[in-house]
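Trainee: 3D, please:
(2 chains)
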Amino acid sequence: MHELSIAQTIVDRASTVSAQNSGARVTKIGLRIGAISGVEPDALRFGLEALTKDSPFEGVTVDIELCKRKQRCASCAHEFEPEGFHSACPMCQSNESTCVAGNELDVTYFELEDSPCA
Amino acid sequence: MRVNVEEKVLSENDKLAQTLRERFRKHKVFCVNLISAPGSGKTALLERTLEALPKSAKVALLTGDLQTENDAKRLAKAGFPVKQITTGDTCHLDAKMVIKALADWDLDAVDILFVENVGNLVCPTSYDLGEHAKIVLLSVTEGEDKPLKYPSIFAAAEVCVINKVDLLPYVPFNLKQAIANARHVHPGIDVIETSCTRVQGLEAWLAWIESRRQAAMQD
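Mentor: Purely as a prediction, here's the structure:
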């Protein structure tokens, strides 16, 4: 359950952004989560919900963009989405490949409530 | 109003891990991060490792658990510097905890730093500690499909230590299938078979550490 400590990191980041914008309320958090990031999106949502309860962030919308794993073959440079965790290249069968996508665990954006006097 | 951020959630940890990596490079410390489920034998492997090393070896250890100093007490018997990191409720070590634990250590007196992570096959994978290599342990009492069930750590580790092989005659564990599963997830992963009660396979383990250390020192 490291999703809870990850959720805390995101909430801390949201607080900083809110403070930098005259305390404007954060209404939406944009995240990008890769298939092999080791993070379970539902558990992260639950963690964010639990941590923001009775706080200025309560009810914040969480927008998660899921990313598939992508490998690039070291022999023929073919990029492919491996089936499950098997990472052999479907073009040349080489077992040597590097991960080019799927590790993401990013905060992409925050949406803030417009200040009434803006 | 939208504020674009586009940064890694764990960017703070990654930054701290980078400072650790630079410190390790500066002081010529080779650091490995041992990860497994609870009870696979991380502490036992380290105990046998320390017993096999000459007393003059410049080795130090950090060991993580939620509570107790038990592992540090076990490891301290060999006479090398050991520090316990108790994480409270946290299921993994992070770079900040390692920095804090190393604060009063002279890293020039260390050639190899073993970090024994909290027993957990999932979360420690996400936290870079500035190590040169992650090492995953799997014991034969756990089931040969573990690499398929917990692929992230097997994809990230450079070597898989299959421990408790002395129990193979007594448990329904298919060793060949376990190795095939680990290589299915990570074709290039090294595999070392060990028993820490019968002291088996330790030469291969020590040889791996030494050759990987030499490679790290040339980077």
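Trainee: and the gap between residue A:31 and chain B?
Mentor: Distance from residue A:31 to chain B, counting by C-beta to the nearest C-beta, to the nearest Å: 8 Å. From N, CA and C alone the C-beta is placed, and that goes for glycine too.
Trainee: right, and that residue touches residue A:61 too?
Mentor: No: under the criterion of C-beta atoms under 8 Å, residue A:31 is not in contact with residue A:61, lying 11.1 Å apart.
Trainee: neighbour count winner among these two?
Mentor: residue A:31 (23 against 10; other C-beta atoms under 10 Å in any protein chain shown).
Trainee: Output the biggest helix by length in chain A as PDB - backbone C-alpha positions only.
Mentor: The longest helix of chain A (DSSP state H) is helix A:3-20. Listed next in PDB are the C-alpha coordinates belonging to helix A:3-20 (Å, rounded to 0.1, in the frame of the first residue of the first chain):
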ATOM      1  CA  GLU A   3      -0.200   4.300  -2.800                       C
ATOM      2  CA  LEU A   4      -1.000   6.200   0.400                       C
ATOM      3  CA  SER A   5       2.400   7.700   0.700                       C
ATOM      4  CA  ILE A   6       2.300   8.500  -3.100                       C
ATOM      5  CA  ALA A   7      -1.100  10.100  -2.500                       C
ATOM      6  CA  GLN A   8       0.400  12.200   0.300                       C
ATOM      7  CA  THR A   9       3.200  13.400  -2.000                       C
ATOM      8  CA  ILE A  10       0.500  14.500  -4.500                       C
ATOM      9  CA  VAL A  11      -1.600  16.300  -1.900                       C
ATOM     10  CA  ASP A  12       1.600  18.100  -0.700                       C
ATOM     11  CA  ARG A  13       2.300  19.200  -4.300                       C
ATOM     12  CA  ALA A  14      -1.300  20.400  -4.700                       C
ATOM     13  CA  SER A  15      -1.000  22.400  -1.500                       C
ATOM     14  CA  THR A  16       2.100  24.100  -2.800                       C
ATOM     15  CA  VAL A  17       0.500  25.000  -6.100                       C
ATOM     16  CA  SER A  18      -2.600  26.300  -4.300                       C
ATOM     17  CA  ALA A  19      -0.400  28.500  -2.100                       C
ATOM     18  CA  GLN A  20       1.500  29.800  -5.100                       C
END
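Trainee: what comes up buried for it?
Mentor: Residues of helix A:3-20 classed as buried: A:3-7, A:9-11, A:13-14, A:17-18 (neighbour count, 16 or more other C-beta atoms under 10 Å in any protein chain shown).
Trainee: With stretch B:136-156 instead?
Mentor: In stretch B:136-156, counting by 16+ other C-beta under 10 Å, buried: B:136-140, B:142-144, B:146-148, B:150-156.
Trainee: Report the separation between the two terminal residues of that stretch.
Mentor: 9 Å (C-alpha to C-alpha, to the nearest Å).
Trainee: same question for it, mean pLDDT?
Mentor: Confidence for stretch B:136-156, expressed as mean pLDDT, is 93.
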